[in-house]
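Chemist: Turn this into a model:
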Amino acid sequence: MRGTAAPKDPESSERAHRRTVKAAEQFVESLARNGVEVVFGHPGGAVLPLYDALYGKSIRHILARHEQAAAHMADGYARATGRVGVCLATSGPGATNLVTGLATAHMDSIPIVAITGNVPTSLIGTDAFQEADIVGITRPITKHNYLVQDARDLSRIIDEAFRIAASGRPGPVLIDIPKDIGLTEVTEAFDGEIGGPAFAYPRQTAKSLGSGARRQLQRAAEAIDAADRPVLYIGGGVIAAGACSEVRALAEKACLPTTFTLMGIGAFPGDHPLSLGMLGLHGTAYANFAMSEADLIIAVGARFDDRVTGRLSDFAKGAKVIHIDVDPAEIGKNVPVDIPIVGDAKTVLSRLVPLVSPARRDPWLERIAGWKEAYRLRYIERPGVIAPQRVIEELHRVTMGRAIITADVGQHQMWLAQFYPFQTPRSHLSSGGLGTMGFGFPAAIGAKLAFPERSVWSVTGDGGFQMNIQELATCAAYGIGVKVAILNNRSLGMVRQIQELSYGGRYIGVDLGGGTDFAKIAEGFSVAGRRVEDPRDLGPALEWAERMNGPIVLDIRVDETANVFPMVPPGGALNEMIGVTGVLER
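Modeler: From the prediction side, this is the model:
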């Protein structure tokens, strides 16, 4: 009969909406579905199926000159954006070169998905060429990892990896993909569209707080109201949770002097009247004194690590402790806790702030003001020599405090934390837990690719810069406008300082010599460079670099004798600091 359609064959219809693709193609589509825009990597034979699938796709690939640097670039991208960074490496040495970068991210709770190639599944365990058990190697330094053994599982595994990396306490996840898995054809349902919405980064909601947590919140509010000498102590978990506005609201409503860890820099404005600056080993004297004299410590997203507590037996002996953290394993791990609250910092604080009463605490603030005046940060400038602290102050002036700045590890890292008052989260990127030399420069590359319109500086030392100096080629190849300020003191400065103060000045293995001209090296990579030795040239050189669009290297020759103070000596209590003129007395 005319106009009557033939009955549909369900199996035929299903076949029409299915397609067969290589798992490597599915891999790229899964990355796109999870919002990936850039991948940092270095290719090799075992991972070439994945690279071939990336060819011509919208996801940008940045060729790092070393896999460790690729991991740090992904890390810097993640720290600057709050999204998952992605790095890609081949099997064997390519995979093992990621290890330091993964450990760095793991210690600082940074979300990364690292993808490695491996030898074909039939060769695993045979000591094949460029084979390494990267899953076994990285198990202690990743939040989770996978060895893909069935191509049909690949898409699901990638989705899981992104969810695990970003949820709860963030961290790195590794996916190891044997070469034959990427080449295997898989059949999948297909609706005509590839990809989908970007991955939604999960966070606990207010509904996740049970009745027990609500009781703890009430106890916390009562303790805050009753305290005479409270201190709010915040760490990187505040930034990870996006809880900076809630922290500020709590501090201002309850009049809480606020200190932060190295990882917490930027979570609270550095120039706020309630700011105590960074605490701990090289923290401000007034932050350390306040923690030592506090009767209540409200810790949020911080883990009481040894760099903060000093001699643990003498840490804040007279204080009650409220500890808020998304990871229950951190609560009570190092310091006994009176009021534990497990939960997302943003959720917990949004519930806590309405429960506390407005306060003034004038006697406590006056006492802290006296410490701030007596023990303000200061340094010595020798005639004709650039003080490294002056470099940081000038950099703050030139960038108007608005730059994203990465640090490497050492004296310059501490001077940056002390003398650059960061105002916003994710503007200070530093390797805190692992203390990885070579982190800062590639991390700045990742941050700059995330925010090409922002001023991004890598403040580094001559020791750390040489550990990933090859990434100047990456900057030049892609026109990545990172500005590098090398505080060049011709030594491994922090190690030299420790040998001077704790080992009787018996220096060994710290002299880097003065013959390295980083400006000329930069020019060899087609990157503009300038050497700065006269204090009068410092400001103009920084201004010149800030104006320039492309990558810049400033080799700034600073005082070789400068040390970082205050300093808690090895085995010392938090209030037993060594200063420029000796022990700081209250």
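Chemist: Please make it C-alpha for all contacts and neighbour counts, starting now.
Modeler: Noted.
Chemist: What pLDDT does the model give residue 401?
Modeler: Predicted confidence (pLDDT) for residue 401: 97.
Chemist: Return the distance of it relative to residue 457.
Modeler: For residue 401, the distance to residue 457 (C-alpha to C-alpha, to the nearest Å) stands at 12 Å.
Chemist: the more surrounded of these two?
Modeler: Remark: of residue 401 and residue 457, residue 457 carries more neighbours, 30 against 17, as counted by other C-alpha atoms under 10 Å.
Chemist: low-confidence ranges in the stretch 101-250 of the chain?
Modeler: 189-211 (pLDDT under 70).
Chemist: Which parts of it are strands?
Modeler: Along the stretch 101-250 of the chain, counting by DSSP state E, counting those that start in this stretch, strands occupy 112-118, 144-147, 172-178, 185-189, 230-234.
Chemist: Counting by contacts, list what the shortest one packs against.
Modeler: In this case it means strand 144-147. Strand 144-147 sits against helix 134-138, helix 154-166, strand 172-178, with contacts defined as 3 or more C-alpha pairs under 8 Å, 6 or more residues apart in numbering; DSSP states H and E.
Chemist: For the shortest one, C-alpha coordinates in PDB please.
Modeler: What it means is helix 134-138. In PDB, the C-alpha atoms belonging to helix 134-138 read as follows (Å, rounded to 0.1, in the frame of the first residue of the first chain):
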ATOM      1  CA  ILE A 134      55.600   2.000  35.500                       C
ATOM      2  CA  VAL A 135      52.400   1.000  37.300                       C
ATOM      3  CA  GLY A 136      54.400  -0.700  40.100                       C
ATOM      4  CA  ILE A 137      57.000   2.100  40.200                       C
ATOM      5  CA  THR A 138      54.400   4.900  40.600                       C
END
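Chemist: Going by neighbour count, which residues in it are buried?
Modeler: Of all the residues in helix 134-138, those buried under the rule 16 or more other C-alpha atoms under 10 Å are 134-135, 138.
Chemist: before we move on, what about the longest one?
Modeler: By neighbour count, with 16+ other C-alpha under 10 Å as the criterion, the buried positions of helix 154-166 are 154-155, 157-158, 161-166.
Chemist: want to throw the buried residues of helix 134-138 into a markdown table with distance to residue 187?
Modeler: A markdown table is the format used below for the buried residues of helix 134-138 (distance: C-alpha to C-alpha, whole Å):
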| residue | distance to residue 187 |
| --- | --- |
| 134 | 29 |
| 135 | 27 |
| 138 | 31 |
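Chemist: Just give me the closest of those to residue 74.
Modeler: Set against residue 74, the nearest of these by C-alpha to C-alpha is residue 138 (16.9 Å).
Chemist: Once you drop chain neighbours, what's closest to that closest one?
Modeler: residue 99 (6.8 Å; C-alpha to C-alpha, 6 or more residues apart in numbering).
Chemist: Now for residue 372, how many residues are close by?
Modeler: Neighbours of residue 372 under the rule other C-alpha under 10 Å: 16.
Chemist: ok now do it, which residues does it touch?
Modeler: Counting by C-alpha atoms under 8 Å, 6 or more residues apart in numbering, residue 372 makes contact with 285-286.
Chemist: and it, what element?
Modeler: Counting by DSSP states H and E, the element that carries residue 372 is helix 362-374.
Chemist: List the contacts of the following helix or strand past that helix.
Modeler: Using DSSP H and E, the helix or strand that follows helix 362-374 in sequence is helix 388-399. The contact list for helix 388-399 (C-alpha under 8 Å, 6+ apart) reads 379, 412, 415-416, 419-421, 455, 487, 538-539, 542-543, 546, 558-559, 562.
Chemist: if we go to 6 Å?
Modeler: With C-alpha atoms under 6 Å, 6 or more residues apart in numbering as the contact definition, helix 388-399 has outside contacts at 415, 420, 558.
Chemist: Among those, which lie within strands?
Modeler: Judged by DSSP state E, the contacts of helix 388-399 include no members of strands.
Chemist: what's around residue 110, how many residues?
Modeler: 29.
Chemist: need the contact list for it.
Modeler: Going by C-alpha under 6 Å, 6+ apart, residue 110 touches 170-171.
Chemist: If we use 10 Å, what do you get?
Modeler: 74-79, 82-85, 102-104, 165-166, 169-172, 236, 240 (C-alpha atoms under 10 Å, 6 or more residues apart in numbering).
Chemist: Repeat that for residue 335.
Modeler: 303-305, 309, 312-313, 315-316, 321, 323.
Chemist: Let's see which of these end up in helices.
Modeler: In helices, defined here by DSSP state H, the members of those are residue 309.
Chemist: What's the ChimeraX syntax to select whichever of the contacts of residue 335 are buried?
Modeler: The buried subset of the contacts of residue 335, as determined by 16+ other C-alpha under 10 Å, is captured in ChimeraX by this line:
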select :303,304,305,309,312,315,316,321,323
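Chemist: for the contacts of residue 335, which one is nearest residue 111?
Modeler: The nearest member of the contacts of residue 335 to residue 111, counting by C-alpha to C-alpha, is residue 303 at 18.0 Å.
Chemist: For this structure, which residues score under the pLDDT cut-off?
Modeler: Within the chain, the segments meeting pLDDT under 70 span 1-17, 189-211, 580-586.
Chemist: Please render the helices and strands packed on strand 144-147 as a markdown table that adds distance to residue 109 to the earlier fields.
Modeler: Below are those laid out as a markdown table (distance: least, C-alpha to C-alpha, whole Å):
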| stretch | distance to residue 109 |
| --- | --- |
| helix 134-138 | 15 |
| helix 154-166 | 9 |
| strand 172-178 | 8 |
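Chemist: returning to what we had before: redo the strands of the stretch 101-250 of the chain as a markdown table? Include mean neighbour count and distance to residue 508.
Modeler: Listed next are these as a markdown table, based on neighbours: other C-alpha atoms under 10 Å; distance: least, C-alpha to C-alpha, whole Å:
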| stretch | mean neighbour count | distance to residue 508 |
| --- | --- | --- |
| strand 112-118 | 30 | 37 |
| strand 144-147 | 20 | 40 |
| strand 172-178 | 28 | 36 |
| strand 185-189 | 15 | 58 |
| strand 230-234 | 28 | 37 |
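Chemist: roughly how far is the strand or helix carrying residue 464 from the heart of the chain?
Modeler: Assigned by DSSP H and E, residue 464 belongs to helix 462-465. Centroid displacement of helix 462-465 relative to its chain, using C-alpha atoms, centre = their mean, to the nearest Å, is 19 Å.
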